[in-house]
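>>> Give me a model of this one.
(chains A and B)
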Amino acid sequence: MAGLIARRARRQRAFRWIVLVLLGAFFLLPLIAMVEFASRGGGQSWRLLVDWPQLRETYPDLASGIVASLGQAVLTALLMLVLLVPTAVWVRLRLPGLRRLIEFICLLPLTIPAIVLVVGLAPVYAWVNYFLGGSSLTLTFAYTILVLPYAYRSIDTGLSAIDVKTLAEAARSLGAGWGRVMWRVVLPNIRSAVLSAAFLTVALVLGEFTIASLLHRDNLQVAIELLGKSSATMSVAVSLAALVLAFILLLLLSLFGERRKASR
Amino acid sequence: MTGVAVHLNDLRRSFGALHALDGLDLSLVPGELIALLGPSGCGKTTALRVLAGLEDADSGRVLVDGKDITGLPANRRDMGMVFQAYSLFPHLTALQNVEFGLKLRGRKATTTRANEMLELVGIGAFAARYANQLSGGQQQRVALARALAIQPKVLLLDEPLSALDAKVRVQLRDEIRRIQTEVGTTTLFVTHDQEEALAVADRVGVMRAGRLEQLAPPAEVYLQPATAFVADFVGLSNRLPGRIEDGGVTVFGTRLPLVTPTTRGPEVTALVRPESVDVVPDPDGTGRVLTTSFLGPTSRVTVEVGETLVLAQIASGRVGELAAGTPVRLELRPVPVALDGDAAS
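I've put the predicted structure just below:
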């Protein structure tokens, strides 16, 4: 009997390793191929990537795309937090009946293809152009809508983990106004949820192509696509770097979440 | 700190068709502890939340220390509150929780004051702990210290003991009373536990359907309930058939005085406390013992008299002579009783 159980355990262990290796190969082989391709020509692409002045001189469109994407990512994360955190808290405190509706609205962008979103956004952006000009940073508004499903989920999960109503009422009874309730009581207790929403936002914005391209704005992905026509190795190197950055962000998110759990 | 007077005048608050407060009038004298008692949905928590400013009344006025604070937001009312749910800020230590309100007020020496308050509630040794490192009773003690640290005009306790186990509940209940007497803050204590209310309060307010049925010292509420509802809700009562005679009610041949005069009758149902009923073994008695339940110093005896079941509470030392089936007679003590169906006075 014991031998049978040991044999079964060995088989299960072997099966797990096979699955892991196959999945690893599925994910890693394209990445390894990208590394190999981008390293052709003596690794010139990698050297350029870490030499910002040289990169800006050699590929000015790529440099402006990177700057635009970073600006969009930061602004989108900020706008998303400013809009979403108070809304989610207020809905929980005062308008619990609207929770399902708000959730539905926030999840809508997930169900609408980006190309369809652009059709709706194009006339809106005509007005944005008119009032704010054609800066790539104006994509922040579209991206804020695009990240709503992910950000809302993160923040809502964070708020579910604490008794927002009681904490807010306790703070109010101690003399805190709504600003202080948000800043000193709610935010510190949903810090990991806020960080999670922000990281997801940055990862999403750094990888966005369709809306930027169709609305004729600059960003990293549009720049990579353009670069692919003139320098395929550099384009692949930048794509890989963006991918690694997104991985690092998600890894940080995961590590931060684990550390928070361990400290409690 | 000396307490202040609090007046709730004709408060009304509806949630759809439900009238949580239906013209509630309540006055607390300075330094007094009033316990609001009543069944779920009677409006006791709503009354407390309206006083705290966490809920708006549809109409009526809230006066504290002579000032009308009806329109004042919660954060400017200067009231300390302890909630039913654990409400310590999870990201702060016990000490930081107590300092929170003091810092908002720009007070000096907040750490000293916070430590004093933690000592007052007997939890000074746990100042550096976070909420998740404290037991339920310890958390509520910190919450009490936090509420008292700001020297509130009024202390509001919203069922603060209901989440605790029985032993801790009794300990903390007595602590709350000791501390409240020591600091002298006017206090409103909401609870659905009648034992708790009777044990800690200067006066107990029994609420029903958004109104006060009776507001009186604990002994009066128990011994002289103003209405049948109060008699029924506070403690146990037998519903015994009686007959109105000479301004009193005769039950099982004994004439009992009435809490409030009645025009009803002559056949009525009287509400008689189990401890007002004595059970005496008597071979010619009309009753028969059904069961006995041991409760420690006292025991409950259920007696069948015809089709009526009567509950009596007697000293446990006498239970030996009252085995099931023993023929007995009932003797009622002539204490005032309420009648079933009497309206609020």
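>>> and residue 250, what helix or strand is that in?
If you meant another chain, say so; for now it's chain A. Residue A:250 is part of helix A:232-263, with elements assigned from DSSP states H and E.
>>> um, chain B though
Residue B:250 is part of strand B:248-251 when elements are defined by DSSP H and E.
>>> and the residue of chain A nearest chain B?
residue A:174 (3.5 Å; Cβ to the nearest Cβ). Using the backbone N, CA and C atoms, a C-beta is placed for each residue, glycine as well.
>>> give me the number of residues near the closest residue to that residue other than its chain neighbours?
Distance criterion Cβ to Cβ, 6 or more residues apart in numbering or on different chains; nearest residue to residue A:174, sequence neighbours excluded, is residue B:101 at 3.5 Å. Residues near residue B:101, counting by other Cβ atoms under 10 Å in any protein chain shown, number 26.
>>> buried residues in the lowest-mean-pLDDT helix or strand in chain A?
Least confident helix or strand of chain A, by mean pLDDT, DSSP states H and E, is helix A:232-263 with a mean of 79. Going by neighbour count (16 or more other Cβ atoms under 10 Å in any protein chain shown), the buried part of helix A:232-263 is A:233-242, A:246, A:249, A:253.
>>> same thing with stretch B:193-207?
For stretch B:193-207, a neighbour-count test (16+ other Cβ under 10 Å) marks B:194, B:196, B:197, B:198, B:200, B:201, B:202, B:203, B:204, B:205, B:206, B:207 as buried.
>>> Now the last one: which helix or strand?
Read it as residue B:207. Element membership of residue B:207, judged by DSSP H and E, is strand B:203-208.
>>> who's in contact with that strand?
The contact list for strand B:203-208, computed with Cβ atoms under 8 Å, 6 or more residues apart in numbering or on different chains, reads B:24, B:26, B:32, B:34-39, B:42-44, B:47, B:197-198, B:212-218, B:221, B:229-230, B:233-234, B:344.
>>> Narrow those to those that are buried.
Buried members of those, scored by 16+ other Cβ under 10 Å, are B:24, B:26, B:32, B:34-38, B:42-44, B:47, B:197-198, B:212-216, B:218, B:221, B:229-230, B:233-234.
>>> Next step: these restricted to strands.
With strands defined by DSSP state E, the entries of the buried ones among the contacts of strand B:203-208 inside them are B:24, B:26, B:34, B:35, B:36, B:37, B:212, B:213, B:214, B:215, B:216.
>>> I'd like the residues you listed as JSON lines, with pLDDT and distance to chain A appended.
Converted to JSON lines, those look like this (pLDDT from 0 to 100; distance: Cβ to the nearest Cβ, whole Å):
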{"residue": "B:24", "pLDDT": "94", "distance to chain A": "20"}
{"residue": "B:26", "pLDDT": "95", "distance to chain A": "19"}
{"residue": "B:34", "pLDDT": "96", "distance to chain A": "18"}
{"residue": "B:35", "pLDDT": "96", "distance to chain A": "19"}
{"residue": "B:36", "pLDDT": "96", "distance to chain A": "18"}
{"residue": "B:37", "pLDDT": "94", "distance to chain A": "22"}
{"residue": "B:212", "pLDDT": "94", "distance to chain A": "24"}
{"residue": "B:213", "pLDDT": "92", "distance to chain A": "28"}
{"residue": "B:214", "pLDDT": "93", "distance to chain A": "29"}
{"residue": "B:215", "pLDDT": "95", "distance to chain A": "25"}
{"residue": "B:216", "pLDDT": "95", "distance to chain A": "29"}
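>>> Distance to residue B:77 added to these, as JSON lines?
Shown next, in JSON lines, are those (distance: Cβ to Cβ, whole Å):
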{"residue": "B:24", "distance to residue B:77": "18"}
{"residue": "B:26", "distance to residue B:77": "16"}
{"residue": "B:34", "distance to residue B:77": "18"}
{"residue": "B:35", "distance to residue B:77": "21"}
{"residue": "B:36", "distance to residue B:77": "18"}
{"residue": "B:37", "distance to residue B:77": "24"}
{"residue": "B:212", "distance to residue B:77": "22"}
{"residue": "B:213", "distance to residue B:77": "27"}
{"residue": "B:214", "distance to residue B:77": "28"}
{"residue": "B:215", "distance to residue B:77": "23"}
{"residue": "B:216", "distance to residue B:77": "28"}
